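**Student:** Sharing a sequence plus its predicted fold:
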Amino acid sequence: MISRKFNGMANVIGTKIQKLRKSKNWSRSDLSNKLMMLGIDINYDSIYKIEKSKRIVKDFELSALAKVLDTTESDLLQDFKKSL
């Protein structure tokens, strides 16, 4: 069976997303609202699941998260890339 997880995680950027969100003093709802303004529908619960690495992040969501958090996709993946 093919695993869709890496080390038990559905994504590798959750911790970084949470750190960046908190550094901006944004709630999960704030982040969700900013994404909605870009046409990306990720609700509060999904933000929680992403931050806890329990939900897969789609490629377009990765790009939108990077844009809203004023970073790059590469920066969001940096810790993962170092671990390879």
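**Tutor:** Structure's in. What do you need?
**Student:** From here on, just use CA atoms for contacts and neighbour counts.
**Tutor:** OK.
**Student:** Quickly note the distance from Arg24 to Thr71.
**Tutor:** Small correction: residue 24 is Lys, not Arg. Using C-alpha to C-alpha, to the nearest Å, Lys24 is found at 12 Å from Thr71.
**Student:** of those two, who's got more company?
**Tutor:** Thr71 (13 against 10; other C-alpha atoms under 10 Å).
**Student:** Assign a three-state SS to that one, would you?
**Tutor:** Three-state call for Thr71 (DSSP: H, G, I helix; E, B strand; the rest coil): coil.
**Student:** for Ile42, same thing?
**Tutor:** Here Ile42 is recorded as coil under three-state DSSP.
**Student:** count of neighbours near it?
**Tutor:** Count around Ile42 with other C-alpha under 10 Å applied: 19.
**Student:** hang on, it packs against Met36?
**Tutor:** Yes: between Ile42 and Met36 there is a contact at 7.2 Å, judged by C-alpha atoms under 8 Å.
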